[in-house]
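**Q** Any chance you can model this:
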Amino acid sequence: MTYQARRHVTGWVGWVWFAGLMMIMSGVFNAISGLYAIFKGDFYIQTARRLLLFDLTAWGWVHLLLGVLLVVAGVAVSVGQTWARVVAAVLVMINAITQLIWITINPWWSLAVIALDVVILYALIVHGREAAEAGR
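**A** This next block holds a predicted model:
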């Protein structure tokens, strides 16, 4: 018989699952915000200048696509896929950057999402390995 030493799993494993679920929720909210910007762009206050290179409808498409990707990655993180942690970290960083660009359109929401993205990144990067080991 062989004996395998089990590593101590901390409560942060729950935080990684929390991060996956928050990514799903953030993705759904991004998709809703993107769809709203695409189909009902006059709801948002528009200025004569564009948001960087795109108009509001184009940013709506960006948010919709990013939302779908966040949902897929969040599901994969929640079920313990190792590859998903790397993809999720990249997507969450991109989400924070797009929210920073979107901040002129919806400032309080963007600040809340950026703060949540930081918590998600911390859980994924610092404690992601524990979640992978707990799933074995």
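
**Q** can you pull the buried residues of the helix or strand hosting W83?
**A** For W83, the host element (DSSP states H and E) is helix 82-102. Using 16 or more other C-beta atoms under 10 Å as the test for burial, helix 82-102 gives A84, R85, A88, A89, L91, V92, N95, A96, T98, Q99, W102. (Glycine included, C-beta is placed from N, CA and C.)

**Q** next one: stretch 75-83
**A** V75, A76, V77, S78, G80, Q81.

**Q** Using pLDDT, spot the least trustworthy of the residues you listed.
**A** Sorting the buried residues of stretch 75-83 by pLDDT puts G80 at the bottom of the list (82).

**Q** what about that one, which helix or strand?
**A** Per DSSP H and E, there is no helix or strand for G80.

**Q** With A96 as the reference, measure out to it.
**A** 24 Å (C-beta to C-beta, to the nearest Å).
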